[in-house]
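Colleague: Dropping a prediction and its sequence here:
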Amino acid sequence: MGDMFLGLDSSTQSLSAVLIDLASRTVVGTGAVGFDEDLPSYGTTNGVVRDPDDPGTVHGHPKQWLDALDLLFVRLRDQGAPLGEIRAISGSGQQHGSVYLRHGIEERLAALDPAKGLAANLDGVFSRATAPVWMDSSTSAQCAEIAEAMGGPLAVAEATGSVPFERFTGPQIRKFSQQEPEAYRETARIALVSSFMASVLAGRLAPIDPGDGAGMNLMDIRTRDWHPEALAATAPDLQARLPRLAPSWTVVDRVHRYFAVKHGVNPDARVVAWSGDNPCSVIGLGLVEPGMTAISLGTSDPCFGTMAECRTDPRGEGHVFGSPTGDYMTLICFKNGSLARERVRDAYGLDWAGFSAALHDTPPGNEGRLMLPWFEPEIVPKVLRPGVHRFDLDEADAAANCRAVVEGQMMAMRNHSEWMGARPQRVFATGGASANPEILQVMADVMGCPVHRFEVSNSAALGAALRAAHAHFLAEGTERPWPGVVAGFTDPVPGSEIRPRPEATQVYDYLVMKHAQFERDTLARLGD
Ligand code: XUL
């Protein structure tokens with residue numbers, strides 16, 4: 001029997017799978033079910049439904065996720081994936097989303113019947129038919145109330161790793177308990193997307209891990225236990241409704257016989273606690289040792305880091321989650337990532353080759369010209385009113401504007417990740433724009449360290465499969481250190497290293513201070 005491990009990713013728009021063979025270090029199967037296209041009866045658009053009267057309310061359908069799980073196994077089996085050889089399964093869930101379950105849920109999970117589908121098996125267990133997900137921004141009032149009760153937003157960040165955010169689970173639970181008190185009373189258990197899916201696979205309630213638990217504003221980020229004050233500030237009798245918190249490598253149980261009988265999964269396969277998509281990506285990108293940093297150049301340019309000790313962001317912009325390795329991970333993400341680069345490119349009628357040429361033909365530091373590219377309201381720093389701000393920069397100068405948008409983004413990343421502590425020694429770049437060496441050269445010069453390119457697709461599902469492998473060997477008593485587990489799956493593209501140029505880094509060591517000052521002045525002027 002091979003060393004097969006399955007990683008699932010229950011994300012906003014799809015459920016996908018990566019099956020790996022650890023012995024040969026290969027991906028032996030992948031599969032996906034798209035919520036809108038494959039399961040249209042739920043009426044989702046991009047995996048979610050919006051309340052027409054309140055577009056800030058954005059929910060997903062737990063039953064659709066169950067249908068997707070059945071369909072995904074059918075698809076994997078039809079492809080000939082060796083499901084009978086799987087030793088362990090873990091998964092990644094979109095973070096923050098919550099599933100509300102009635103009394104009797106344990107018995108219903110234990111009694112899954114292969115003669116019916118999962119959705120039919122679990123019909124009637126939901127005390128809330130839909131699940132608020134991370135795109136929901138309808139809980140500003142509850143965030144303010146929680147902050148007030150706990151001594152202000154930064155006190156919440158110090159306690160739980162993040163200031164109260166609308167999409168975080170605690171504020172979402174508070175809103176439900178206030179607006180639907182009867183349904184809240186009928187709720188015996190509240191699961192995250194991750195722990196819900198793990199519960200179904202194992203046929204018993206699964207714990208929440210510190211990676212995803214940190215996205216709730218309810219977990220003490222240091223002790224990794226429920227935070228009594230945060231629970232009290234959120235909703236009545238909340239602790240009794242939450243599952244236990246347990247390390248990311250916890251084995252929940254063997255897979256429920258439903259999956260063995262119906263889908264041919266190895267009946268001895270272990271189900272390992274699921275985590276959030278960002279914590280799983282940390283593993284799938286190979287960030288298994290403290291001090292490693294990755295930047296995914298895409299929609300929101302998330303910047304991930306790992307750290308051994310817990311440090312929270314004094315400005316309240318970034319997040320600290322538990323890393324599935326047992327360390328901590330940091331996350332900051334922006335609104336003006338790839339979109340801002342595209343806006344500048346398009347404003348001057350360039351293609352990417354032209355944009356790269358502009359970067360190549362302009363000097364590092366742009367002769368002191370600066371841009372704050374806030375085409376959209378920004379998350380880091382928090383900017384409510386969009387607007388592009390230029391310092392000494394002529395809007396008509398195409399090349400200088402191309403350099404200014406990339407430098408502005410990289411300097412913001414460097415300045416706003418300073419709270420994480422040590423400067424990165426190496427940065428791993430992934431995402432669409434990482435294919436552009438000129439952009440990576442700016443990144444290396446600003447960060448003052450080498451940048452390596454990665455080509456991992458679906459880092460969350462891959463990370464989940466690697467976590468399954470790590471936990472399996474630990475449970476067998478044959479623990480394998482993390483670097484050995486991820487080796488061969490998360491290596492940078494050979495020859496992709498881009499080194500910083502010392503004379504350029506010297507320019508940026510000064511310019512980042514000027515950038516920070518320009519940002520402060522602009523924010524003061526805007527009154528944000
Ligand atoms: C992180 C966040 C998103 C979701 C996406 O805080 O809200 O990255 O996890 O699935």
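Modeller: Structure received.

Colleague: what about the spatially closest residue to Ala398 that is not a sequence neighbour, distance to the ligand?
Modeller: Spatially, and ignoring its direct neighbours in sequence, Ala398 is nearest to Tyr348 (3.8 Å; C-beta to C-beta, 6 or more residues apart in numbering). C-beta coordinates here come from the backbone N, C-alpha and C atoms, glycine included. Here Tyr348 is placed at a distance of 31 Å from the ligand (C-beta to the nearest ligand atom, to the nearest Å).

Colleague: need the contact list for Tyr348.
Modeller: Gly354, Ala398, Asn401, Cys402 (C-beta atoms under 8 Å, 6 or more residues apart in numbering).

Colleague: Out of the residues you listed, grab the one that's most surrounded.
Modeller: Within those, Cys402 tops the neighbour count with 29 neighbours, counted by other C-beta atoms under 10 Å.

Colleague: Next, Gly60: phi, psi?
Modeller: Torsion angles at Gly60 (phi, psi; degrees, to the nearest 10) stand at phi -110, psi 180.

Colleague: Which helix or strand contains the most centrally placed residue in the chain?
Modeller: In the chain, the centroid-proximal residue (C-alpha atoms, centre = their mean) is Asn278; its distance is 2.6 Å. Element membership for Asn278 (DSSP states H and E) is helix 277-284.

Colleague: Show me what the helix or strand where Lys175 lies packs onto, helices and strands only.
Modeller: Taking DSSP H and E as the criterion, Lys175 maps to helix 169-179. On a contact count with 3 or more C-beta pairs under 8 Å, 6 or more residues apart in numbering; DSSP states H and E, helix 169-179 meets strand 98-102, helix 140-150, helix 181-185, strand 187-192, helix 228-234.

Colleague: wait, isn't the residue nearest to the centre of the chain in contact with Cys333?
Modeller: No - Asn278 is beyond contact range of Cys333, at 9.0 Å (criterion: C-beta atoms under 8 Å).

Colleague: Ala469 - how many residues pack around it?
Modeller: Residues lying near Ala469 (other C-beta under 10 Å) number 25.

Colleague: what sits against the nearest residue to Ser459 once chain neighbours are set aside?
Modeller: Leaving aside its sequence neighbours, Ser459 sits nearest to Gly284 (C-beta to C-beta, 6+ apart; 3.4 Å). Gly284 is in contact with Val456, Asn458, Ser459, Ala460, Ala461, Leu462, Gly463, Ala464, Leu466, Phe489, Thr490, counting by C-beta under 8 Å, 6+ apart.

Colleague: Please enumerate the helices of the stretch 251-400 of the chain.
Modeller: For the stretch 251-400 of the chain, the helices defined by DSSP state H, counting those that start in this stretch occupy 257-263, 277-284, 338-347, 352-361, 398-416.

Colleague: most packed of these?
Modeller: When those are scored by mean count of other C-beta atoms under 10 Å, the highest mean neighbour count falls to helix 277-284 (a mean of 30).

Colleague: Whether it contacts the ligand - can you check?
Modeller: Yes - shown here: helix 277-284 in contact with the ligand (C-beta under 6 Å from any ligand atom) through Asp277, Asn278.

Colleague: just the residues of the stretch 151-300 of the chain that are near the ligand, which are they?
Modeller: Counting by C-beta under 6 Å from any ligand atom, the stretch 151-300 of the chain sits next to the ligand at Arg167, Gly215, Gly276, Asp277, Asn278.

Colleague: residues of the helix holding Lys175 that come out buried?
Modeller: Residues of helix 169-179 classed as buried: Thr169, Gly170, Pro171, Gln172, Ile173, Arg174, Lys175, Phe176, Ser177 (neighbour count, 16 or more other C-beta atoms under 10 Å).

Colleague: and the lengthiest helix in the chain, what does it pack onto?
Modeller: Secondary structure of the chain per DSSP state H: the longest helix is helix 502-526. With contacts taken as 3+ C-beta pairs under 8 Å, 6+ apart, helix 502-526 sits against strand 370-374, strand 387-391, helix 398-416, helix 437-447.

Colleague: Redo the ones you listed as CSV? Include mean pLDDT and distance to Ile86.
Modeller: Below are those laid out as CSV (pLDDT from 0 to 100; distance: least, C-beta to C-beta, whole Å):
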stretch, mean pLDDT, distance to Ile86
strand 370-374, 98, 46
strand 387-391, 97, 50
helix 398-416, 98, 39
helix 437-447, 97, 37
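
Colleague: a markdown table for these, including distance to the ligand?
Modeller: Formatted as a markdown table, these follow (distance: least, C-beta to the nearest ligand atom, whole Å):
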| stretch | distance to the ligand |
| --- | --- |
| strand 370-374 | 20 |
| strand 387-391 | 25 |
| helix 398-416 | 16 |
| helix 437-447 | 21 |
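
Colleague: For Leu15, give the beta-bridge partners.
Modeller: Ser10, Val33 (DSSP bridges).

Colleague: who's in contact with it?
Modeller: Leu8, Asp9, Ala32, Val33, Phe35, Trp65, Ala68, Leu69, Leu72.

Colleague: Tell me, how many residues neighbour Gln506?
Modeller: 14.

Colleague: Show me where this structure dips below the pLDDT cut-off.
Modeller: By pLDDT under 70, the weakly predicted segments of the chain are 1, 528.

Colleague: domain assignment for it?
Modeller: Domains of the chain are assigned by automatic domain parsing as 4-280, 338-452+498-526.

Colleague: Can you give me the end-to-end span of the longest one?
Modeller: So that's domain 4-280. Distance across domain 4-280, first residue to last, is 18 Å (C-alpha to C-alpha, to the nearest Å).

Colleague: quick one: contacts for Ser195?
Modeller: Gly93, Leu205, Ala206, Pro207, Ile208, Asp209, Asp212, Pro243, Ala273, Trp274.

Colleague: In strands only, show me those residues.
Modeller: Members of the contacts of Ser195 lying in strands (criterion: DSSP state E): Gly93.

Colleague: Which one of the contacts of Ser195 is nearest to Leu154?
Modeller: Asp212 (22.7 Å; C-beta to C-beta).

Colleague: From the structure, what's the count of residues near the closest one?
Modeller: Neighbours around Asp212, by other C-beta under 10 Å: 33.

Colleague: which SS state does the residue of the stretch 351-500 of the chain found nearest the ligand fall under?
Modeller: Of all residues in the stretch 351-500 of the chain, Ala460 sits closest to the ligand, at 8.2 Å by C-beta to the nearest ligand atom. Under DSSP: H, G, I helix; E, B strand; the rest coil, Ala460 falls in the helix class.

Colleague: what's the neighbour count on it?
Modeller: So Ala460, with other C-beta under 10 Å, has 29 neighbours.
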